[in-house]
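> Structure for the following, please:
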Amino acid sequence: MALFKRLRDITMATVNDLLDKAEDPVKMVNQFIRDMEEDIGEAEVAVAKQIAIEKRFLEQRDEAASLAQKRAEQAEKALELGNEELAKKALQDKIEQQSHYETYAAEYDKAKAMADELRSKLGEMKDELLKMKSKREMLVARADAAKVQKQINHTMGSFGSDSAAQGFARMEEKVNQLEAEAQASSELRGSGKSLDDEFKKLQGDTELDKELAALKAKMAEKKANA
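Here you go, the predicted model:
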């Protein structure tokens with residue numbers, strides 16, 4: 001049946017081949033799932049109709065069998081009562097009901113076989129759908145993992161890139177320059193003493209000379225008195 005053509009066309013093997021060529025496997029699987037869900041919905045309607053046909057033929061078969069049995073009993077009853085003409089009519093209808101029974105039985109067998117086949121194919125479609133959904137979950141997980149890995153690789157790559165190294169080198173050079181400028185500023189400040197500072201230093205040196213001279217005189221006096 002054309003209704004189940006997708007089941008023949010879309011198997012897990014062909015799906016895997018298509019996924020290998022797809023730019024976005026997750027989107028493709030989602031589309032497959034939507035298509036299969038629609039087909040399964042249509043298939044369920046078709047199966048329900050076929051089951052209804054099967055049941056109808058079964059009811060007609062059983063009705064014909066029951067009526068044939070009833071006419072046989074009526075024919076026997078008519079003969080017991082001496083009414084041969086009525087017995088013939090009952091037997092004639094019995095023959096017709098037996099013919100109906102055979103027709104309905106044959107149609108029922110075909111309808112049941114068709115319904116069984118449709119049930120089986122519908123079950124296969126549902127199994128394929130479950131496999132497809134499982135495939136989607138796996139693909140989604142793999143896609144997410146790949147995105148995370150790609151982001152990590154990109155981040156790690158920027159850490160080890162030449163531009164990053166050059167940037168750090170420039171920053172280090174800038175710090176070295178600032179330190180050198182600070183050192184030079186300190187030295188310039190030390191060499192730029194004012195005139196007052198020079199006099200203070202000179203005065204300090206004079207006091208030191210006086211103390212040193214006094215100490216020498218004291219030692220000389222001790223030495224002379226010894």
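
> name the element the nearest residue to residue 94 once chain neighbours are set aside belongs to?
Distances taken as C-beta to C-beta, 6 or more residues apart in numbering place residue 71 nearest to residue 94, at 3.7 Å, with adjacent residues excluded. For the C-beta atoms, the positions are set from N, CA and C on the backbone; glycine is no exception. Here residue 71, judged by DSSP states H and E, is contained in helix 25-80.

> tell me which strands and helices that helix is in contact with?
helix 5-9, helix 12-21, helix 84-159 (3 or more C-beta pairs under 8 Å, 6 or more residues apart in numbering; DSSP states H and E).

> Would you mind listing the residues in contact with the nearest residue in space to residue 51 that is not next to it in sequence?
Of all residues not flanking residue 51 in the chain, residue 115 sits nearest, at 5.1 Å (C-beta to C-beta, 6+ apart). With contact taken as C-beta atoms under 8 Å, 6 or more residues apart in numbering, residue 115 is in contact with 47, 50-51, 53-54.

> State the distance from residue 115 to residue 185.
Distance, residue 115 to residue 185, by C-beta to C-beta, to the nearest Å: 100 Å.

> check which helix or strand covers residue 185.
Residue 185 belongs to helix 162-191, assigned by DSSP H and E.

> Give me the mean pLDDT for that helix.
Averaged over helix 162-191, pLDDT sits at 72.

> For the residue most central in space within the chain, give me its contacts.
In the chain, the centroid-proximal residue (C-alpha atoms, centre = their mean) is residue 140; its distance is 2.3 Å. Taking C-beta under 8 Å, 6+ apart as the criterion, residue 140 is in contact with residue 26.

> Check the one 3 residues further on too.
By C-beta under 8 Å, 6+ apart, residue 143 lies in contact with 25-26.

> confidence score at it?
Note for residue 143: predicted pLDDT of 77.

> Next: the one 5 residues further on.
If you check residue 148, the pLDDT there is 82.

> Can you report how many residues lie near residue 150?
The number of residues packed near residue 150 is 10, by other C-beta atoms under 10 Å.

> Ok, residue 54 next?
For residue 54, using other C-beta under 10 Å, the count is 20.

> which residue sits closest to residue 57, ignoring its sequence neighbours?
Nearest to residue 57 is residue 108, by C-beta to C-beta, 6+ apart, at 3.7 Å.

> again, but for residue 119
residue 47 is the one closest to residue 119 (C-beta to C-beta, 6+ apart), at 6.0 Å.

> Is that neighbour in contact with residue 125, as I believe?
No. Assessed by C-beta atoms under 8 Å, residue 47 is found out of contact with residue 125, at 10.4 Å.

> what do those two both touch?
Listed contacts common to residue 47 and residue 125 are nil; contacts here mean C-beta under 8 Å, 6+ apart.

> Residue 138 and residue 35: what is the separation?
Distance from residue 138 to residue 35, by C-beta to C-beta: 19 Å.
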